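Q: sequence first, then the predicted structure:
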Amino acid sequence: MNVCSIEWVVCLLVLSAFFFCLPSPCLRQGLLAVCNLAFVATLVPDVRAWIALSGFLISGYLVAKMLQAHSRRWVLVTYLAVLVSAFVILKQYAFAVALLPASLFHRVVAVVGLSYMLFRQIQLVVDAYQGQIENLTVWNYLNYQLNLFGLVAGPIQRYQQFLESWARLEPILAGPEPILRAYSRVFIGVLKISVVAAACLAVFDHCHDALTATEPLTRSKSITMFLGLFYFYPAYIYFNFSGYCDMVIGGASLFGLKMPENFDRPFFARNMIDYWTRWHRTLGFWIRDYVFTPMYMAIASRWPQKAASLAFLCYFVALFLTGIWHGSTWNFVMFGLLNGLGVAAAKLWENHLIKKSGRQGLRKYLDSPRIRRVAVAANFHYVCLTILFFPVGMAKTLQIIKRVVTQMI
Amino acid sequence: MVELIRNEVQQVFRDVFGDPQLVLRDDMTANDVEGWDSLQHLNLVIAMEKRLGIKFATAEISRLKEDGQNIGTLLEMVKRKRG
């Protein structure tokens, strides 16, 4: 079942109307658990996928329990290595397919939402190892991992955050106005996806088809089509994904579940570091906490003198990994590289300003409205450039760029 | 004990931010300390771990930067860890 479908919206409206008429949190949990399972059942294609999903979920729970009882580093490291390797094979990453024996990829299964479950699983086992997880039961864990409001595409929520509202499952919207706002948010999400994003995608498709067709285009037509491609795909992703988030965050709040926000006006970011705290925020924060932080702390503890310069490497690696997580083909490697370069450059520029004019100078720079406008515009275009590599394969994207550049010069 | 922890944490702040005059107040947040960005936050955590002989979990490091957290909550956390 698709989140932006009549069935999903009708189920949401009907269930939310009487959900809090159920007298106890246990009954409400039970109803949501049935909904979670029914939703998963629409996404798992066959028995093999069920087996793979069960293995993934059971292993996560058992390892987290084990790490809670005995905080053994080798258990954590081994499990994470197995988990990430299995993920790379299941997603059939291009570099893995090129390097590993083909037999490994013959009978892989597809499970929708696996990428997001992986994030939650890693967070859970790391936090369990570090003694940060309480009330870990099979019931809570399965509902956390299979929560229909975050299953398909996030937001990525911490187990601890989920438990805060799941344990009580009481109304979190005080009065008719917040309830109306939540329903409106779901409705706005539907409009964003089915009208605005669909229109942006139609424009993108038109431009893409024109640029990849064999018929010759005039110079101005080529440039116009390229600009359509350049601006409308980022707009499509934004409206589609933020619309989805509006639907699930607004929908979850009607059932007493508080989900984290995922967008904060990302196209108004002044640099790529700022951008990743505004776009797909829960992914950005996850990468910061579970990739960047441990990597930087390990380096800075061992080589404190070199920490400042090695920080760029950490920024680059973290965002590069974020990029390639998005997809398994070479164009996502390019997307990752551009994002990695963007954040490393933003940090380098900040350090340069501090060196040149001190912290006071940096503050003055950050406070200047004119500089802010220029920075926002420049960053927006850089973001569009990174997303240029998102929709179609590497060869096709390069072919389009080559065609436009050749005509321009 | 509380004052001892406060003085030790304050010394760590002074070393990390290079400001020997820095005085910590419970209501201070990252916005009140010049240069307290994400990277300095980690440098601060590393310095506190070394000097105070404690260990912060990933979730705790992240929580310390969230809205509503301040020096008071940091000192509380350090106090709990010191037993």
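A: On my side now, so go ahead.
Q: going by C-alpha atoms from here, please, whenever you check contacts or count neighbours.
A: Fine.
Q: how far away from the center of its chain is stretch A:263-274?
A: Chain-centre distance of stretch A:263-274: 15 Å, with CA atoms, centre = their mean, to the nearest Å.
Q: tell me which residues of it come out buried.
A: A:263-264, A:266-273 (16 or more other CA atoms under 10 Å in any protein chain shown).
Q: that stretch spans what distance, first to last residue?
A: One end of stretch A:263-274 sits 12 Å from the other (CA to CA, to the nearest Å).
Q: who's in contact with it?
A: Applying CA atoms under 8 Å, 6 or more residues apart in numbering or on different chains, the contact partners of stretch A:263-274 are A:242, A:275-281, A:339, A:342-343, A:346-347, A:372, A:375-377, A:379-380, A:383.
Q: could you list the domains of chain A?
A: A:23-166, A:176-253, A:266-408 (automatic domain parsing).
Q: what's the local residue count around the closest residue to chain B within the stretch 151-300 of chain A?
A: Relative to chain B, the nearest point of the stretch 151-300 of chain A is residue A:289 (6.3 Å; CA to the nearest CA). Applying other CA atoms under 10 Å in any protein chain shown, we find 18 residues neighbouring residue A:289.
Q: so it versus residue A:171, what's the distance?
A: 30 Å.
Q: now do residue A:144
A: Going from residue A:144 to residue A:171 by CA to CA gives 19 Å.
Q: repeat for residue A:286
A: Relative to residue A:171, and taking CA to CA, residue A:286 is found at 28 Å.
Q: same thing with residue A:7?
A: Distance, residue A:7 to residue A:171, by CA to CA: 24 Å.
Q: repeat that for residue B:44.
A: Taking CA to CA as the measure, residue B:44 and residue A:171 are separated by 39 Å.
Q: of these two, which one has the most company?
A: The neighbour count for residue B:44 versus residue A:171, taken as other CA under 10 Å, is higher for residue B:44 (19 against 16).
Q: okay, and that one sits in which element?
A: helix B:38-52 (DSSP states H and E).
Q: chain center to that helix, what's the gap?
A: So, by CA atoms, centre = their mean, the centroid of helix B:38-52 is 8 Å from its chain's centroid.
Q: so what secondary structure elements neighbour that helix?
A: Packing contacts for helix B:38-52, counted by 3 or more CA pairs under 8 Å, 6 or more residues apart in numbering or on different chains; DSSP states H and E, involve helix A:293-302, helix B:2-17.
Q: and chain A, is the helix or strand following that helix touching that?
A: Sequence-wise, the next helix or strand downstream of helix B:38-52 (DSSP H and E) is helix B:58-63. Yes - using CA under 8 Å from any CA of the partner chain, we find that helix B:58-63 touches chain A at B:58-59, B:62.
Q: mind listing what's buried along helix B:58-63?
A: Neighbour counts over helix B:58-63 (16+ other CA under 10 Å) mark B:58-62 as buried.
Q: show residues contacting that helix.
A: A:127, A:130, A:132, A:289-290, A:293-294, B:42, B:45, B:69.
Q: neighbours of residue 19, how many?
A: By default, I'm working from chain A. Look at residue A:19: counted by other CA under 10 Å, it has 18 neighbours.
Q: oops, wrong one, chain B.
A: Neighbour tally, residue B:19, other CA under 10 Å: 13.
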